[in-house]
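Visitor: sequence first, then the predicted structure:
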Amino acid sequence: MSWREIAEVCYIRYARRPDHKSVKHIATSSPPSPLQTRRYQPWHQIPDPAERKLAVIRLHSEGWSIASIAAYMQTTRPTIYATLQRWAKEGVAGLEEKSQAHQVWWANYNTEHHYAYRERQDGRRSPAEVLRGMLGRTYPPEVLSRVLHATQFTRHLDRHGYIRFNNWRIFG
């Protein structure tokens, strides 16, 4: 942590804002105290996902920067950002692990028969079959995943199993 971050933590915790130079002077004038135990284990050593996310939220509420939290928890900044964004969006419900239903749905989506293709006269019933017919060759699932990658981020399954669109806007 930088001296300014420590001063910010002091302000948040004690409602007094010391100058970062004062913090540096106090910290360097006396001999270093013996190393204390960590408040939180590294990210991957905390077994409960809710506890590890709660640790990130507590550190952030104390004024720690994203980079400092990531270094302390020994994880990446995008992980910390995602945790905080999910907390801001969902609250306490965001602490729990989500099911992997969407990933399973997306993996099977390109090969399953779809309602939209039911009436096709050429017998192609899935996106994979349509691409194979249009391009004249069969593609492995990895290639199809890459081709149809963008739609993965524009829609999701809601709790009832219906497809919902992210950031849906109607322009008229």
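Guide: Noted; the coordinates are in hand.

Visitor: need the helices for this structure, in chain order.
Guide: Assigned by DSSP state H, the chain shows helices spanning 3-14, 20-29, 49-61, 66-73, 77-90, 101-109, 127-135, 141-147.

Visitor: as TSV, those helices with mean neighbour count would be great.
Guide: Any C-beta I mention is one placed from the backbone N, CA and C, and that applies to glycine too. Below are these laid out as TSV (neighbours: other CB atoms under 10 Å):
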stretch	mean neighbour count
helix 3-14	16
helix 20-29	12
helix 49-61	17
helix 66-73	19
helix 77-90	15
helix 101-109	13
helix 127-135	16
helix 141-147	13
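
Visitor: so who does Ile69 touch?
Guide: Residues near Ile69 by CB atoms under 8 Å, 6 or more residues apart in numbering: 56, 59-60, 80.

Visitor: and the helices of the chain, which one is worst for confidence?
Guide: Lowest mean pLDDT within those: helix 127-135, at a mean of 60.

Visitor: hang on, Val9 packs against Ser65?
Guide: No. Using CB atoms under 8 Å, Val9 makes no contact with Ser65, being 10.0 Å away.

Visitor: which residues touch Glu62?
Guide: By CB under 8 Å, 6+ apart, the residues touching Glu62 are 9, 12-13.

Visitor: with respect to Ala71, which of these is nearest?
Guide: Checking the contacts of Glu62 against Ala71 with CB to CB, the nearest one is Val9 at 14.8 Å.

Visitor: for that closest one, list the residues it contacts.
Guide: Applying CB under 8 Å, 6+ apart, the residues near Val9 are 1, 62-64.

Visitor: kindly recompute the last result at 6 Å.
Guide: Residues near Val9 by CB atoms under 6 Å, 6 or more residues apart in numbering: 62-63.

Visitor: how close does Lys53 get to Thr83?
Guide: With distances taken as CB to CB, to the nearest Å, Lys53 is found 5 Å from Thr83.

Visitor: ok, back up a step: could you identify the most distant pair in the contacts of Ile69?
Guide: Leu59 and Ile80 (9.0 Å).

Visitor: how close does Lys98 sit to Ala50?
Guide: Per CB to CB, Lys98 is found 12 Å from Ala50.

Visitor: quickly list the domain ranges of this structure.
Guide: Recorded structural domains for the chain (assignment: automatic domain parsing) are 1-31, 38-98, 101-165.

Visitor: nearest to Trp43, of the helices of the chain?
Guide: helix 66-73 (4.4 Å).

Visitor: the inter-axis angle of that closest one versus helix 3-14?
Guide: Orientation of helix 66-73 against helix 3-14 (axes from the mean of the first three to the mean of the last three CA atoms, to 10 degrees) gives an angle of 90 degrees.
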